[in-house]
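Peer 1: Below: sequence and its predicted model.
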Amino acid sequence: MSEPIPTPVSRLDCSKAFHALTEEEKLYTHYLAEASFQGGLIVLVQTSPEAPRIFLLLQKVFSAENAASLKSASTGYTDGVSVEEYDLFLEYAGVFFANMGNYKSFGDSKITPDISEDAMWRIISKSRAFAEGPSDVQQLWDSCHSAIYDMSPRRRELGLGEKGLTTYYSSNCDTSDAELLKTFMQSKDLSPYNTRVFKTVDSATSAVTYELRLASAISSAECSGEDDDMASILGEHQYEKCTIRVTRGDYAPLMQRVVDNLLKAQKFAANDFEKSAIANYVNSFMYGSIPAHKAGSRAWIADKGPVVESYIGFIESYRDPFGVRGEFEGFVAVVNKSMSAKFSKLVESAPALLPMLPWPAAFEKDAFLKPDFTSLDVVAFGGSGIPAGINIPNYDDIRQSEGFKNVSLGNVLSARTTDSKVTFLRDDDQDLFKNLKSPAFEVQVGLHELLGHGSGKLLQADADGKLNFDKDTVVNPSTQEKIKSWYGPADTWDTVFSSMAASYEECRAECVGIYLCLVPEILSIFGHEGAAGDDIAYTNWLLMVRSGLCGLEFYSPETGSWRQAHMQARHVILRVLLEAGQGLVQLEQVTGDDGKPDVVVRLDRSLLCSVGKPAIGSFLQKLQVYKATADVTSGRALYQQYCHFPSGDVSNYWFAMRDIVLARKRPRQVFVQAHTAVASGGVSLEEFEPSMAGMVQSWVSRIPEGLASELQSLAQADAHHWKY
């Protein structure tokens, strides 16, 4: 067995941006960071039953002594462990903190230590924490050690029903339960974003009761005042021969911490838009109200060009196996004005660029609502992972008629590392790829977020049956037939396309990026002209094709499931380009320099415009039309054509490729974030070394007193719902 490859660690550098802020801006940033990081602990509860307990165990051990002290205490003794074993323990701890749980934020597969259970216990039992409080440490170890190492089928990856583990639903739920709750919530105009589902079956009568629990700081069903718009929906409802009990108070102590820090931040807000956004977020998190969060999002969109940018709530639904429930995240960042200039120019050019996309005007928004598009230096990102770019809010009704914001996380992009030799690339492409990967990805992020996620209209009927399009004149551009389907007034993109929605939409946005990056005028906006621009476009396409091959890592043959939306999307694009033929893309199986099977990606740059662009354009048009018309049947058939592996030669070919990808995979980079603190002299910024020891220390520094008991109570309260 080969030695584990260490996970690359980078510092998320924000010191220059932070120190340029005024004292009031620093205080505003600090309290938003506290809200983000403390709220981000909700992700532990959303990930697995054992994740909060593992977090508490690691926090207890490393709060008593730093990584170097523990290493000294646990190695070099007859009954100790080797230095290599300790380093692997530290690696597990750091990767756990970076993902905010024991399942990968990018890929949803389980994270397990590369040391034995016995070795892990020997390290913990040598700790100062154990010496000072053996019973507490023993209790935490006993509560999670089996689950840490359990690789039984349902614990290998996140999934619903027999496909995996999830804490968005009790373990006795499957897709049929999620579908039933979806239709119930639509009938009550209730958003699923901030909910979880717990199912109980009466052993005597077989009667089914669902608890549909809203995330909120208060648990009482009593109306708490005029701002409480959720009390009326709480209580029992009879639906489809089941009882559905709507409650609130999920993650209550952590939600209260978010509220408290937001109220402190509000005192230092720069304008009325920021104050209004926070006031509505507070109402949302106090009472469990998505309408209040929408109101906050509207105020946030209206806050143009702030110095400090932030957003917080139950945002992305990637990790809900059904694709409708949001994972908590929050961030605060400082706008990088010089880097934002090119994105502002892209926004100004967007009305002229949108008609270049391969669908008729009837499938585009009636008016392009120019958003803020800024490059940010992240100070704090609380959640399961840090993306490179974001297009938010995700509420369809706001995005379609009021707008959105785009952000590119500049210090995330600049911190990315490249292996000494990039896997699966020709020698001739190595230097070009390594030199231009970052600027090419910056172009892709910009196009993906603004003109990908920011484009396209949803054809929809309102509550009175009025359509937002002319059904007598609008036709499907592929078939020239009139439109036969559209969204109902209670429908959203997520609820109609459900588990497929995230990957399908990422694929649409990725296609927009590579389709438009071939336009010289667009490359010029980013400062790339002539032959240099051609190199950027080629590198971007090469990046996409290689990612599509690497995406095979995230497919699970045992369940037939994809575990990561973006990588599934990129694999679909690879398959579309392979189907285009004419030698555009070739995957050549070779023997590597190490004598083991390998794959080389060959992309013919001379065919990008003549073969590649038409192929992507045709596919992209279908993606948009099916999305716009709520045609989930046609959309699913199209999409699965390129990410399904039928039995026989096709399956054998791709599974052989997958074996090579798995044998040569590299760990995903993680980021060590800074910590802010308020002292008599103002707000300080503490930074940590870019190492697993630094990662661990950063989390020890930012967790306040009293939080351990709150997390413990949350883990225990629902333990009876998880039977894996």
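Peer 2: Thanks, I have it.
Peer 1: C-alpha from now on. contacts and neighbour counts both.
Peer 2: Fine.
Peer 1: what's next to the helix or strand harbouring Glu579, contact-wise?
Peer 2: Per DSSP states H and E, Glu579 falls inside helix 565-580. With contact meaning CA atoms under 8 Å, 6 or more residues apart in numbering, helix 565-580 is reached by 318, 502-504, 506-507, 510-511, 544-545, 547-552, 554-555, 562, 584-586, 611-612, 615-616, 619, 639, 642-643.
Peer 1: which ones among those residues are found in strands?
Peer 2: Those of these mapping onto strands are Tyr555, Trp562, Val585, Gln586, per DSSP state E.
Peer 1: got a list of what Ser15 touches?
Peer 2: Leu685.
Peer 1: which parts of the helix holding Glu579 are buried?
Peer 2: 565-578, 580 (16 or more other CA atoms under 10 Å).
Peer 1: where do the strands sit along the stretch 151-300 of the chain?
Peer 2: Assigned by DSSP state E, counting those that start in this stretch, the strands in the stretch 151-300 of the chain fall at 195-201, 208-215, 235-239, 242-250.
Peer 1: Stretch 572-580: how far from the chain's middle?
Peer 2: How far stretch 572-580 lies from its chain's middle: 25 Å, per CA atoms, centre = their mean, to the nearest Å.
Peer 1: again, but for stretch 87-94
Peer 2: For stretch 87-94, the distance to the chain centre is 23 Å (CA atoms, centre = their mean).
Peer 1: quick check, nearest of the buried residues of helix 565-580 to Asp114?
Peer 2: Asp114 lies nearest to Met567 out of the buried residues of helix 565-580, by CA to CA, at 25.1 Å.
Peer 1: Return the distance of that closest one relative to Thr205.
Peer 2: Noted for Met567: a distance of 45 Å to Thr205, by CA to CA, to the nearest Å.
Peer 1: Rebuild the strands of the stretch 151-300 of the chain as a markdown table, extending it with mean pLDDT, distance to Thr539 and mean neighbour count.
Peer 2: Converted to a markdown table, those look like this (pLDDT from 0 to 100; distance: least, CA to CA, whole Å; neighbours: other CA atoms under 10 Å):
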| stretch | mean pLDDT | distance to Thr539 | mean neighbour count |
| --- | --- | --- | --- |
| strand 195-201 | 98 | 41 | 19 |
| strand 208-215 | 98 | 43 | 22 |
| strand 235-239 | 97 | 54 | 13 |
| strand 242-250 | 98 | 45 | 21 |
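Peer 1: which one of those strands lies closest to Leu32?
Peer 2: Across the strands of the stretch 151-300 of the chain, closest to Leu32 is strand 208-215 (CA to CA), at 19.1 Å.
Peer 1: who does the closest one pair up with?
Peer 2: Using DSSP bridges, the strands paired with strand 208-215 are strand 195-201 (antiparallel), strand 242-250 (parallel).
Peer 1: what about Val83, neighbour count?
Peer 2: 14 (other CA atoms under 10 Å).
Peer 1: before we move on, back to that, which one of the strands of the stretch 151-300 of the chain lies nearest to Thr78?
Peer 2: strand 242-250 (46.9 Å).
Peer 1: which residues touch that closest one?
Peer 2: 207-221, 233-238, 287-288.
Peer 1: Now with 6 Å, please.
Peer 2: For strand 242-250, contacts defined as CA atoms under 6 Å, 6 or more residues apart in numbering pick out 208-219, 234-237.
Peer 1: by contact count, what packs against the strand or helix carrying Asn435?
Peer 2: Here Asn435, judged by DSSP H and E, is contained in helix 427-447. Under the contact criterion of 3 or more CA pairs under 6 Å, 6 or more residues apart in numbering; DSSP states H and E, helix 427-447 touches helix 530-550.
Peer 1: mind listing what's buried in the helix it packs on?
Peer 2: 533-550.
Peer 1: same question, stretch 211-231
Peer 2: Residues 211-219, 221, 228-231 are the ones in stretch 211-231 that count as buried (16+ other CA under 10 Å).
Peer 1: Could you tell me how far it lies from the centre of the chain?
Peer 2: 27 Å.
Peer 1: What lies in contact with that stretch?
Peer 2: So stretch 211-231 is contacted by 194-198, 244-250, 252, 255-256, 285-288 (CA under 6 Å, 6+ apart).
Peer 1: Tell me the buried residues within the contacts of helix 565-580.
Peer 2: 318, 502-504, 506-507, 510-511, 544-545, 547-552, 554-555, 562, 584-586, 611-612, 615-616, 619, 639, 642-643.
Peer 1: Show me where the stretch 351-500 of the chain has its strands.
Peer 2: Counting by DSSP E, counting those that start in this stretch, the strands of the stretch 351-500 of the chain are 373-382, 389-392, 405-409.
Peer 1: Please save the CA atoms from the last one in CSV.
Peer 2: This file holds the C-alpha atoms of strand 405-409, laid out as CSV (Å, rounded to 0.1, in the frame of the first residue of the first chain):
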residue,chain,number,x,y,z
LYS,A,405,-24.7,39.6,-6.6
ASN,A,406,-21.6,37.9,-7.9
VAL,A,407,-18.4,37.6,-5.9
SER,A,408,-15.0,36.2,-6.8
LEU,A,409,-13.0,35.2,-3.8
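Peer 1: average model confidence for that strand?
Peer 2: Mean pLDDT, strand 405-409: 92.
Peer 1: Next: the second one.
Peer 2: Strand 389-392 shows an average pLDDT of 92 in the prediction.
Peer 1: List the contacts of that strand.
Peer 2: Strand 389-392 has contacts (CA under 6 Å, 6+ apart) with Phe404, Lys405, Asn406, Val407, Ser408, Leu409, Glu449.
Peer 1: Could you do stretch 595-613 as well?
Peer 2: Phe424, Leu425, Tyr515, Leu584, Val585, Gln586, Leu587, Glu588, Gln589, Val590, Thr591, Gly592.
Peer 1: coming back round to it: determine which two of the contacts of strand 389-392 are furthest apart.
Peer 2: Phe404 and Leu409 (16.3 Å).
Peer 1: Contact partners for Met100?
Peer 2: Leu44, Ser384.
Peer 1: ok, it to Ser713 distance?
Peer 2: From Met100 to Ser713 the distance is 18 Å (CA to CA).
Peer 1: Also Gly326?
Peer 2: On the measure of CA to CA, Gly326 and Ser713 end up 22 Å apart.
Peer 1: average pLDDT across the longest helix anywhere in the chain?
Peer 2: Ranked by residue count and defined by DSSP state H, the top helix of the chain is helix 493-516. Averaging pLDDT along helix 493-516 gives 96.
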